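Chemist: build me a model:
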Amino acid sequence: IASCLVGSEMCIRDSNYLARSLRQLQSTTFLHCLEHSRKTINTSPPVYTGMTALRLAGIETPLCSRFEAVKFQVLYIGEPTKRSGRKDTSYLKCPSSLTGIAHLTWTHDNITIVYTHPLMTWALLAPYLTQIEVIVLADAILRASSGSMTVANISRFLDGADAFPGRRKCIDALVFLDAMTDSTMECRCTLVMLRHGLPQPVKHWKILIPELAHEATVDIAYPKQRVIIEYDGDAHRRDKRQYRWDERKRQALRAMGYTVIVVFADDILTSQGRRRFAQRAVSYTHLTLPTILRV
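Modeler: Numbers count the residues shown, from 1 in each chain. Modelled structure (predicted):
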């Protein structure tokens, strides 16, 4: 699996705002790690992991309040007393079942930055993440690989790893990776609906809009119920051309008889917002809800 993602050679499309911001964060993190590694007191270079490794790989990070204030996360093997201490660094222990996984490297100016493979990073973070964020991170890893990694790769990775903390969460995430989303927020949006009992929506649904003479792709849809759900993030407001297109598309879809629900960050990131969003989705789809799915 080490060949799936290789440092700065990650295939990130520069054509969209998210990809550009990830690439910028990737480069900034690399420079910070260069400085951090120069100050290390160990004879061997630190192995970066957790949120640091995800940023180095150009992957969107999951939500985890425990690590919000941590600048660097470093892997250690063995007892905690054997590791060096840094006030700006937290440490994640590598379970024995994951010690055989090859790390990734990035060399510049005669300094090599070493970081854990995304799937190993996913496994190491799983104990600290909610089930939803474990799913979100797996979705982000698949998206960042640009097709070089599949759900089958992830399944084989888990089959080849013995027990580790959080393994059950990782296994349970597989069933939710049927189709990639375009961002972590779109993934969370889908999971909110599933958690409130709505059926699996169609992701990246294509629809011909005669008024615009264009086949558009919408984020999430229930085609039979003629309901479309789109996440509106910062990129939509910063890019005027994107904003105008989104508005024309949504107006045309409504004129065609579709209900278009626009979702914002606070609809997903707060419990009150999630309840309101789920209630809107239920009322517009007119679907009968089964027992809430716990994810």
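Chemist: so where is the protein shaky, pLDDT-wise?
Modeler: Using pLDDT under 70 as the threshold, the predicted model of the chain has low-confidence ranges 1-16, 40-43, 79-86, 234-239, 288-295.
Chemist: which parts of it are helices?
Modeler: Counting by DSSP state H, one finds helices in the chain at the ranges 17-38, 50-56, 118-125, 131-144, 151-160, 167-173, 184-195, 234-238, 240-255, 265-269, 271-285.
Chemist: switch the ones you listed over to JSON lines; also include distance to residue 207 and mean neighbour count.
Modeler: C-betas here are computed from N, CA, C, even on glycine. Listed next are these as JSON lines, based on distance: least, C-beta to C-beta, whole Å; neighbours: other C-beta atoms under 10 Å:
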{"stretch": "helix 17-38", "distance to residue 207": "23", "mean neighbour count": "16"}
{"stretch": "helix 50-56", "distance to residue 207": "34", "mean neighbour count": "27"}
{"stretch": "helix 118-125", "distance to residue 207": "33", "mean neighbour count": "26"}
{"stretch": "helix 131-144", "distance to residue 207": "22", "mean neighbour count": "24"}
{"stretch": "helix 151-160", "distance to residue 207": "26", "mean neighbour count": "15"}
{"stretch": "helix 167-173", "distance to residue 207": "29", "mean neighbour count": "19"}
{"stretch": "helix 184-195", "distance to residue 207": "17", "mean neighbour count": "22"}
{"stretch": "helix 234-238", "distance to residue 207": "19", "mean neighbour count": "13"}
{"stretch": "helix 240-255", "distance to residue 207": "7", "mean neighbour count": "14"}
{"stretch": "helix 265-269", "distance to residue 207": "23", "mean neighbour count": "16"}
{"stretch": "helix 271-285", "distance to residue 207": "17", "mean neighbour count": "16"}
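Chemist: and these: which comes nearest residue 65?
Modeler: Smallest distance to residue 65 across the helices of the chain (C-beta to C-beta): 10.7 Å, for helix 131-144.
Chemist: who are the packing partners of the closest one?
Modeler: Of the remaining helices and strands, those touching helix 131-144 by 3 or more C-beta pairs under 8 Å, 6 or more residues apart in numbering; DSSP states H and E are helix 118-125, helix 151-160, helix 167-173, helix 184-195.
Chemist: would JSON lines of those with distance to residue 102 be doable?
Modeler: JSON lines is the format used below for the helices and strands packed on helix 131-144 (distance: least, C-beta to C-beta, whole Å):
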{"stretch": "helix 118-125", "distance to residue 102": "9"}
{"stretch": "helix 151-160", "distance to residue 102": "12"}
{"stretch": "helix 167-173", "distance to residue 102": "19"}
{"stretch": "helix 184-195", "distance to residue 102": "26"}
